[in-house]
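Engineer: build me a structure from this.
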Amino acid sequence: MPTIQTERLLLSELTPEDAAFILELLTEPSFLANIGDRGVRDLDTAVGYIQDGPVQSYARHGYGLWRVNLRDSGEAIGLCGLLKRDTLPDPDLGYAFLPRHWSRGYAVEAGAAALDYGLKTLALPRVLAITNPDNLASIKVLSRLGLGFQRMIRIGDNDLRLFSTDTAAIDVPADSRATESSDA
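Structural biologist: Here you go, the predicted model:
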């Protein structure tokens, strides 16, 4: 995948050299509360997360979570990209940013670039998104990106809001007990 450039951001594939950044992001209390514990505890497990999740997803699907950097400084500020979960029929948009970079429009800017890549370059018929029902900031981002709320679904033990880029019916059981793929 080529690096995606926006006005302020660069989205590119993660590599094992991103382990320190991944360790910081995935151990943030906000990440743990809104996305979940991915078992990252040190640099070695961060490298494992990168290799077993995003890197495998790039090879298998041609997309995955991408590192988001500020164009001006090169600082890594978050993740954004497309995931293919066993529990959803279509790829879904995922994103997470370090709290010090919240409320600056980066999630919308990166999300728009990821959606554009998925819908136009990869010609995906639609992109989904899921979020915790009480994650109002994420719901606002998805709304600004033009994704519409479809319905509540259950994945594992979590009740989630399901969003989509289109309004066609989505064949996802209201209660899906399958486990998430390791791409997340």
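
Engineer: where does pLDDT dip in this structure?
Structural biologist: Low-confidence regions of the chain, defined by pLDDT under 70, span residues 167-184.

Engineer: tell me what the longest helix along the chain is packed against?
Structural biologist: Criterion DSSP state H: the longest helix present in the chain is helix 106-116. In terms of contacts (3 or more Cβ pairs under 8 Å, 6 or more residues apart in numbering; DSSP states H and E), helix 106-116 is packed against strand 9-13, strand 65-70, strand 76-83, strand 92-97, helix 136-144. For the C-beta atoms, the positions are set from N, CA and C on the backbone; glycine is no exception.

Engineer: which of the residues in whatever helix or strand comes next after the shortest one are buried?
Structural biologist: In this case it means strand 9-13. Downstream of strand 9-13, the first helix or strand assigned by DSSP states H and E is helix 19-26. If you call a residue buried by 16 or more other Cβ atoms under 10 Å, then helix 19-26 has these buried ones: 19, 21, 22, 23, 25, 26.

Engineer: what's the offset of the helix or strand that comes right after helix 19-26 from the middle of its chain?
Structural biologist: Using DSSP H and E, the helix or strand that follows helix 19-26 in sequence is helix 29-34. Computed by Cα atoms, centre = their mean, to the nearest Å, the chain-centroid distance of helix 29-34 equals 14 Å.

Engineer: spatially central residue in the protein, please.
Structural biologist: For the chain, the residue nearest the mean C-alpha position is residue 94 (1.6 Å; Cα atoms, centre = their mean).

Engineer: tell me, how many residues neighbour the nearest residue to that residue once chain neighbours are set aside?
Structural biologist: Of all residues not flanking residue 94 in the chain, residue 83 sits nearest, at 4.9 Å (Cβ to Cβ, 6 or more residues apart in numbering). The local packing of residue 83 (other Cβ atoms under 10 Å) involves 24 other residues.
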